[in-house]
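# Pasted the sequence and its predicted model underneath.
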Amino acid sequence: MTDEPAAPVPAVGAVVWKGDRVLLIRRGHPPRQGAWSLPGGRQHMGETVNEAAEREIREETGIAIRVLDVAAVVDIFDRGPDGAVATHYTVVDVVAEWTSGEARAGDDAAEVAWAAPDELARYDLTPKVLEVIGIAAKKRGGRRT
């Protein structure tokens, strides 16, 4: 018998743009508590990816978004001390634009920040998060809000 999860957990993340800045959150809870990342969370039964992204961003940051496209699909594994998979999330990251609201930390976020591309290094983002932001920037093109 194994303690590994029976299946991956579907989740969403969002690369949210407001002008030339991208929304980041500092995670308030495990996994990766205290780390800066993209906002997002679990997809609920009966929710589309876009609906899940809109809900999660509203819950975590208090803002409304418009989803433009899928940026990337990322698998995130957390392993226990013995190396066994403890959690496995399959995250659909979307490209989105801010539409209204003032960003504030809520739900699972301890802090929020709007960061310009040349400021991303100070947030110690994972290489995968930086890659997804780059993909989202290309898919977004020259749009400005």
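Looks like it came in fine.
# my read: Leu24 touches Ala116, true?
No - when contacts are counted by Cβ atoms under 8 Å, Leu24 is not listed as touching Ala116 (11.1 Å). Heads up, the C-betas are built off the backbone N, CA and C, glycines and all.
# Looking at those two, which has the bigger crowd around it?
Leu24 (25 against 10; other Cβ atoms under 10 Å).
# Can you report phi and psi for the more buried one?
phi -120, psi 150 (degrees, to the nearest 10).
# partners of it in the sheet?
Ala113 (DSSP bridges).
# show me the contacts for it.
Leu24 makes contact with 36-39, 112-115, 123, 125, according to Cβ atoms under 8 Å, 6 or more residues apart in numbering.
# Now, the residues you listed that are in strands?
Among the contacts of Leu24, DSSP state E puts 36-37, 112-115 in strands.
# quick check, nearest of those to Glu54?
Relative to Glu54, the closest of those is Val112; by Cβ to Cβ it sits at 16.4 Å.
# secondary structure class for the residue nearest to the closest one when sequence neighbours are not counted?
Spatial nearest neighbour of Val112, excluding adjacent residues (Cβ to Cβ, 6 or more residues apart in numbering): Ala103 at 4.5 Å. With DSSP: H, G, I helix; E, B strand; the rest coil as the basis, Ala103 sits in coil.
# The chain should start at 26 in everything you say after this.
All set: I'll call the first residue 26, so the last point we hit is now Ala128.
# how near is Ala128 to Val34?
According to Cβ to Cβ, to the nearest Å, Ala128 and Val34 sit 26 Å apart.
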